[in-house]
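Trainee: Build me a model:
(one chain, ligands or ions: 1)
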Amino acid sequence: MVSRVIPVEPFDLVIFGGTGDLARRKILPGLYRRFVAGQMPKEARIIGAARSDLDTAGYRKMIHEAIHEFIAEKDRDETLVQEFCKGLEYVTIDAMGEGGWKEMAALIRQDVIGAFYFSVAPSLFGALAERLHLHGISNDTSRIVVEKPFGRDLETARELNAVLAEHFEESQIYRIDHYLGKETVQNLMAVRFANVLFEPLWNAQYIDHIQITAAETVGVGGRGGYYDKSGAMRDMVQNHLMQLLCLTAMEPPSKFEPNAVRDEKLKVIRSLEPVEPHHIVRGQYDAHEGEPSYREDAGDLKSRTDSFVAMKCHVANWRWAGVPFYLRTGKKLADRASEIVVVFKEPPHHVFDADGKVHRNVLSIKLQPNEGMNLSVTIKEPGPGGMRLMDVPLDMSFAETLGDNADAVPEAYERLIMDVIRGNQTLFMRGDEVEAAWSWVDPIIQGWEARNDVPKTYDVGSQGPTDAETMMRRDGREWMDIKA
Ligand code: BG6
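Mentor: Numbering: from 1, shown residues only. Next up, the predicted model:
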């Protein structure tokens, strides 16, 4: 299998927050990989911009170190790392003031694509958009990439949309949700819309329920300040999990084009029923076997922030009537495992003598780790002695299927940045989508605040609070094990 790399057009990419954690950990290493893959034209330039008083040589050194830290030795070629870093520039910039903007204006070419990545605190988004415009740095073909969090509720998201709209058209605004850049997430759309096998079954008649899990083993150490004001609901559910839900539940778009796809996702969000309080379990990890508690990590021993959320939702439309979607995400859980699991109904009539076991087809789409898909199929247990049934997996692991090319699968950020340069917004959120997501999430959070809700505790390394299991059992169902 040959991986196909189509070089993009020349560009100037400015990364505001270029010395920050995301830039060093994900964005720059991702760009290095695209450089190695041959996707970047010689004329492309990457410019870091931040408050730090660095010069270009200092920045190149910083990113050289970051690539060494975040890209495994086997995937690095020192000559190429040096060549990549030699192409980097740096400008010290004052986002709220005037410092550095003249230098930036002198640097940015007007005859190539200009992309401006806002990897900074959301309070600076508006100021950056305004200054890019006022200093004549951006033009009609420029794009801005806006990191999460996009607001902390409907009101702030609306304000942010309005501020950005003062200087940029919607077609120039790329609201990033890195989950949409994950290989398997896009594969979900291929599976649904490029096969005849699944789509006829993809509805309430054949599907019992759907589980969407994003489980992490990391805690909030180091990010406590931000996280404690957000919690799992704002940090993961409002964006990543809702996007996964949309792609799973949406109607087939007429084309794989930005607005066709985003229109369908928006319809899903707008069809979501309000969630009953007893259909949500909030959790917070507790100290276990020497591991600190959430409260210790967050530096607030009275914190009521959720580091775990499990919930049951309903998409109120013809296709999904009566099919629950169970969403679950949390930190410091048993394993890092994210997947979408579609549990089909039992056959309508039992031809074989019941063996006391429930046999159902289950399609799991694994986002990470071990990306791939698995469909469990019921077959006859081999051997004599009657007709006994067993469930076996039809397995499609990316690593196995793609062989040596598995390493060539781009990571979420690198793919999405290349989409920005190509001018393709399909995998980015539109302003109305983000607002609709907040409209659904806001009443849930407001309810917790009004009731002074205290999250249930769960042990570090566990499956989450027992209440989440109970919620499922009440419905006669079980969560899949959180296991990589
Ligand atoms: C980020 C959240 O958006 O996604 C983090 O802010 C979370 O809290 C991360 O850890 C998870 O991303 P991934 O790609 O590791 O699943």
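Trainee: how about the residue of the stretch 201-350 of the chain found nearest the ligand, secondary structure?
Mentor: Nearest to the ligand, among the residues of the stretch 201-350 of the chain, is residue 235, at 4.7 Å (C-beta to the nearest ligand atom). For every residue, glycine as well, the C-beta is placed using N, CA and C. Under DSSP: H, G, I helix; E, B strand; the rest coil, residue 235 falls in the helix class.
Trainee: can you pull the contacts of it?
Mentor: 149, 227 (C-beta atoms under 8 Å, 6 or more residues apart in numbering).
Trainee: And the pLDDT for it?
Mentor: At residue 235, the pLDDT value in this model is 96.
Trainee: I'd like the distance between residue 64 and residue 146.
Mentor: 28 Å (C-beta to C-beta, to the nearest Å).
Trainee: Kindly report the same for residue 74.
Mentor: 34 Å.
Trainee: what about these two, which has more around it?
Mentor: Between residue 74 and residue 146, counted using other C-beta atoms under 10 Å, residue 146 has the larger neighbour count: 25 against 6.
Trainee: Up against the ligand, what does the stretch 251-400 of the chain have?
Mentor: When proximity is defined as C-beta under 6 Å from any ligand atom, the stretch 251-400 of the chain approaches the ligand at residue 338.
Trainee: all strands for the stretch 251-400 of the chain, in order.
Mentor: For the stretch 251-400 of the chain, the strands defined by DSSP state E, counting those that start in this stretch cover 280-286, 308-314, 324-330, 337-344, 362-368, 372-380, 389-397.
Trainee: Could you provide those in JSON lines, with additional columns for mean pLDDT?
Mentor: Listed next are these as JSON lines, based on pLDDT from 0 to 100:
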{"stretch": "strand 280-286", "mean pLDDT": "97"}
{"stretch": "strand 308-314", "mean pLDDT": "98"}
{"stretch": "strand 324-330", "mean pLDDT": "98"}
{"stretch": "strand 337-344", "mean pLDDT": "96"}
{"stretch": "strand 362-368", "mean pLDDT": "93"}
{"stretch": "strand 372-380", "mean pLDDT": "91"}
{"stretch": "strand 389-397", "mean pLDDT": "87"}
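Trainee: nearest to residue 474, of those?
Mentor: Closest to residue 474 of those is strand 308-314 (C-beta to C-beta; 9.6 Å).
Trainee: Who are the packing partners of that closest one?
Mentor: Packing contacts for strand 308-314, counted by 3 or more C-beta pairs under 8 Å, 6 or more residues apart in numbering; DSSP states H and E, involve helix 224-232, strand 280-286, strand 324-330, helix 466-474.
Trainee: tell me the helices in the stretch 101-250 of the chain, going along the chain?
Mentor: 101-107, 125-134, 154-165, 183-193, 224-232, 242-249 (DSSP state H, counting those that start in this stretch).
Trainee: Determine which stretch of those is the most buried.
Mentor: helix 242-249 (a mean of 23; mean count of other C-beta atoms under 10 Å).
Trainee: which non-adjacent residue is nearest the spatially most central residue of the chain?
Mentor: By C-alpha atoms, centre = their mean, the chain has its centre lying nearest to residue 179, at 2.2 Å. Spatially, and ignoring its direct neighbours in sequence, residue 179 is nearest to residue 240 (4.2 Å; C-beta to C-beta, 6 or more residues apart in numbering).
Trainee: rewinding a little: quick one: closest of the helices and strands packed on strand 308-314 to residue 185.
Mentor: So among the helices and strands packed on strand 308-314, strand 324-330 is nearest, using C-beta to C-beta, at 14.9 Å.
Trainee: If you count contacts, what does the longest helix along the chain end up packed against?
Mentor: Ranked by residue count under DSSP state H, the longest helix found in the chain is helix 431-451. Packing partners of helix 431-451 (3+ C-beta pairs under 8 Å, 6+ apart): helix 154-165, strand 173-175, helix 242-249, helix 258-271.
Trainee: after that helix comes which helix or strand?
Mentor: Next in sequence after helix 431-451, counting helices and strands by DSSP states H and E, comes strand 456-459.
Trainee: what does that next one contact?
Mentor: By C-beta under 8 Å, 6+ apart, the residues outside strand 456-459 that reach it are 281-286, 288, 308, 330, 464-467.
Trainee: which of these has the most neighbours?
Mentor: Within the contacts of strand 456-459, most neighbours by other C-beta under 10 Å means residue 308, with 31 neighbours.
Trainee: For the helices of the stretch 101-250 of the chain, could you give me a markdown table that also reports distance to the ligand?
Mentor: Output for the helices of the stretch 101-250 of the chain, formatted as a markdown table (distance: least, C-beta to the nearest ligand atom, whole Å):
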| stretch | distance to the ligand |
| --- | --- |
| helix 101-107 | 28 |
| helix 125-134 | 16 |
| helix 154-165 | 16 |
| helix 183-193 | 11 |
| helix 224-232 | 7 |
| helix 242-249 | 11 |
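Trainee: rewinding a little: pretty sure the residue nearest to the centre of the chain sits against residue 242.
Mentor: No - here residue 179 does not reach residue 242: they are 9.6 Å apart, not a contact under C-beta atoms under 8 Å.
Trainee: Give the burial count for the closest residue to residue 278 other than its chain neighbours, as a bare number.
Mentor: Nearest non-adjacent residue to residue 278, counting by C-beta to C-beta, 6+ apart: residue 471, 7.9 Å away. Neighbourhood size, residue 471 [other C-beta under 10 Å]: 21.
Trainee: Report all helices and strands that the lowest-mean-pLDDT helix or strand in the chain contacts.
Mentor: Lowest mean confidence among the helices and strands of the chain (mean pLDDT, DSSP states H and E): helix 398-402, at a mean of 71. Packing partners of helix 398-402 (3+ C-beta pairs under 8 Å, 6+ apart): strand 372-380.
Trainee: repeat that with 7 Å
Mentor: Helices and strands touching helix 398-402, as assessed by 3 or more C-beta pairs under 7 Å, 6 or more residues apart in numbering; DSSP states H and E, are absent.
Trainee: Send me the next helix or strand after it as PDB with only the CA atoms.
Mentor: Sequence order places helix 412-422 as the next helix or strand after helix 398-402, per DSSP H and E. Provided in PDB are the C-alpha atoms of helix 412-422 (Å, rounded to 0.1, in the frame of the first residue of the first chain):
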ATOM      1  CA  ALA A 412      -4.800  14.600  14.300                       C
ATOM      2  CA  TYR A 413      -3.100  18.000  14.400                       C
ATOM      3  CA  GLU A 414      -0.900  17.500  11.300                       C
ATOM      4  CA  ARG A 415      -3.900  16.500   9.200                       C
ATOM      5  CA  LEU A 416      -6.000  19.300  10.400                       C
ATOM      6  CA  ILE A 417      -3.300  22.000   9.800                       C
ATOM      7  CA  MET A 418      -2.900  20.700   6.300                       C
ATOM      8  CA  ASP A 419      -6.600  21.000   5.800                       C
ATOM      9  CA  VAL A 420      -6.400  24.600   6.900                       C
ATOM     10  CA  ILE A 421      -3.800  25.300   4.200                       C
ATOM     11  CA  ARG A 422      -5.900  23.400   1.600                       C
END
